[in-house]
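Peer 1: attaching a predicted model along with its sequence, questions to come.
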Amino acid sequence: MRHGQQRVALLSVLLGLALPVLAIPPRAFGAAANVTCQVAIGKAADKFVKLKLQAWQKCRNAPLLGKSCDTVKRDAAIAAAAAAMGGLLGKSCDQQGVVPPDLGIAAVCSAPCDHITNTTFLDVANCQVCLHEAEVDALLQDEYGTTASALPKAQAACQQAIAKSAAAFTLAKLKALQSCQHAFQAGKGKAAAAAVCPRTTTDAAIAAVASKVRARIAAKCDDAAVAALDVCTPKAGTVAAAAECILAGHEQRTDDMVRAEYPSFPLGAPVPIILHPLAGAFVVGQSLIVVGEALSRTDIADVTVDANNTLVGTLADDNPDFGGNTFEFLWDSAQSGGGNVTIDVTMTDLRGRVGHASVVVMAAIAGVASTPTTPPTGPTVTPTAPQTGPGPTTTTAAAPTGTPSPTGTPSPTPTACECSGIVIQEAGTSAIAIPPPYSPPPPGAKAVPRGHHQFTPVAGQESVAWVFEAEATIVGPPQLCVEGQRVNGTMTVGYPPAAPVVSNKTTGGTTFPFKPPPAVAPVGNDDYTKPGTFKTHAAGLIRWIDAPGLYGLPTVRAGNKLRSIDVRGHFEAVVNSNSATGSSCKCVWNIEYTKAYPAGGGAGTFTPVANAGTGVPGGVPAGMVCRTRAMPWPIGTGTFP
């Protein structure tokens, strides 16, 4: 549980790193004709969305008030808006000598409109109409659901307020993003020197509109009225839930519309970054390849990782514990041979757009130093032998092959690993260096303070964790022991007055929520079965580090300030002998803490939960029980037999 399980774009921590420029060079829009054409697409799409959304809302509201809708008039108005888009693009694009590829427009429209071929801008107009109609239909479904008959006055007023506020938010966000992109492409104002459309001011304006949406819905609705309607899927039952689900859905749909209008929009193509190993790193044996998406995308369809053109893994091989847009793949560097190894990452979004990233590292077989013929890109380390300690390097101890006896005859190779005890360290500085996003800037793996761990990845974000290191004392080759950690956990983040964001430990599609002591809930796999970035083997010792917490939380979300974080987890750690009668170790404990932030901002107050979490003298978790016995312990029970 070395990371939060949030999948609501909380891992924007990746924005703090130096990022590559997008694959499609946006400055190509500097040509006046291209800019004019692109602006026309955005404005025409904006008008079409406004007309269709308001026309359909009028018809959806009519029966709620006992009235009828003139569907012929509605459909004619929508058809006229679609035709107007075709005429505008013909004049602003085709007649100016611009062709769709000039703007990075794909030859075939995206699904569900992939029956349209973008040969001329009349085709592009048809593609845009089709895509935007699909998005507007989805918005209306969120707003109204199956509600289609007369309602009591209070419920009807609530329904209309939800739809009207949602439409206002959608149109305001569309306008804000389009204006930002138009200024960027034309090289005007602050956007002139930017690598992408600068979003700081734009996002602040969108957040202000979101706050107004919440206020309008709260003014016209109560929980009973919302519960009687069919707002969102799953159905919202309170005013707060309705506001948040409407905003979340309309945020996503609006982003989709803007991406359809601007193929080079900053969220238009995935930007993969390789967080570990870093360029020039020296890697031995088993290691983790950790891949992030720089723009916190939530629509990644596939990730493929290769090492020297040999497949390491795809999205199906990703460790699901890594939430958000961080992907983790176990790599045996020995299979790539010694010397320079190029790690290539290909990332594809749901619309088929592709981004690439690569680094060159130095690989060696365990116990054998390897020197590349050509130094890899980036900071290069050339140790005389495999190293351990700070940095992204992972070292796997080679199995003993026997020790010379006083007579010169090798002693027998040990065939068993046994554990004599586990100690959990929660004070001092970690012995294992960990990479971002679990360590503060600057980029690179580094030792961190154990216990309460808090840092700001970039301005406007917060990362909070409780760091512990476990040390198991063993006899025999560590790779022969059977290891593992299991966890259940629940994390809650508060941005009042919005409803709290709650997430649970998830493994293989199954959730494992925390239950307060003395209850013992099921625990899910948290890995730590082999050496890697977070675990090391050494003679007589197995050590691993964990940092349960949340990373890259925005301090302001949809206009609301971060006010509270609550992290609770139940842990089980096992180091079993490979012998049926060998000494084996098991520990179970809880880590529970809260963090409260003042209304005006600031560092906040960190509080371990009394008698159930951490912070007791000596840095040992309260409630921790460790036992040793002469036979392996069961793994995955969360308790003792």
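Peer 2: Noted; the coordinates are in hand.
Peer 1: so which residues of the stretch 151-300 of the chain form helices?
Peer 2: 153-186, 200-220, 223-228, 239-261 (DSSP state H, counting those that start in this stretch).
Peer 1: same list (those helices) but as CSV, adding distance to residue 53 and mean pLDDT.
Peer 2: Placement of C-beta: from N, CA and C, glycine included. Shown next, in CSV, are the helices of the stretch 151-300 of the chain (distance: least, C-beta to C-beta, whole Å; pLDDT from 0 to 100):
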stretch, distance to residue 53, mean pLDDT
helix 153-186, 5, 88
helix 200-220, 15, 86
helix 223-228, 21, 94
helix 239-261, 10, 87
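Peer 1: for stretch 531-546, buried residues please.
Peer 2: Buried positions in stretch 531-546, judged by neighbour count with 16 or more other C-beta atoms under 10 Å: 531, 532, 533, 534, 535, 536, 537, 542, 543, 544, 545, 546.
Peer 1: helix, strand or coil for residue 44?
Peer 2: Following DSSP: H, G, I helix; E, B strand; the rest coil, the label given to residue 44 is helix.
Peer 1: using the three-state scheme, assign the residue nearest to it when sequence neighbours are not counted.
Peer 2: Excluding its sequence neighbours, the residue lying closest to residue 44 (C-beta to C-beta, 6 or more residues apart in numbering) is residue 85, at 4.1 Å. Three-state assignment for residue 85 (three-state DSSP): helix.
Peer 1: does residue 300 really touch residue 293, like I thought?
Peer 2: Yes: contact criterion C-beta atoms under 8 Å: residue 300 and residue 293 qualify, at 6.1 Å.
Peer 1: for beta bridges, what are the partners of residue 493?
Peer 2: residue 501, residue 565 (DSSP bridges).
Peer 1: thinking again about what came up before, dump the helices of the stretch 151-300 of the chain to a markdown table, plus distance to residue 513.
Peer 2: Shown next, in a markdown table, are these (distance: least, C-beta to C-beta, whole Å):
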| stretch | distance to residue 513 |
| --- | --- |
| helix 153-186 | 31 |
| helix 200-220 | 28 |
| helix 223-228 | 25 |
| helix 239-261 | 19 |
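Peer 1: which one, of these, ends up nearest to residue 54?
Peer 2: Of all those, helix 153-186 sits nearest to residue 54, with 6.4 Å by C-beta to C-beta.
Peer 1: which helices and strands sit right next to that closest one?
Peer 2: helix 32-64, helix 121-144, helix 200-220, helix 223-228, helix 239-261 (3 or more C-beta pairs under 8 Å, 6 or more residues apart in numbering; DSSP states H and E).
Peer 1: between these, which gets nearest to residue 104?
Peer 2: That would be helix 32-64 among the helices and strands packed on helix 153-186, by C-beta to C-beta, at 9.6 Å.
Peer 1: please spell out which residues along the closest one are buried.
Peer 2: Using 16+ other C-beta under 10 Å as the test for burial, helix 32-64 gives 34-35, 37-46, 48-53, 55-57, 59-61, 63-64.
Peer 1: who are the packing partners of it?
Peer 2: Counting by 3+ C-beta pairs under 8 Å, 6+ apart, helix 32-64 packs on helix 71-92, helix 121-144, helix 153-186, helix 239-261.
Peer 1: got the angle between it and helix 121-144?
Peer 2: 30 degrees (axes from the mean of the first three to the mean of the last three C-alpha atoms, to 10 degrees).
Peer 1: sorry, back to before: tabulate the helices and strands packed on helix 153-186 (JSON lines), appending distance to residue 553.
Peer 2: Listed next are these as JSON lines, based on distance: least, C-beta to C-beta, whole Å:
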{"stretch": "helix 32-64", "distance to residue 553": "32"}
{"stretch": "helix 121-144", "distance to residue 553": "25"}
{"stretch": "helix 200-220", "distance to residue 553": "15"}
{"stretch": "helix 223-228", "distance to residue 553": "28"}
{"stretch": "helix 239-261", "distance to residue 553": "16"}
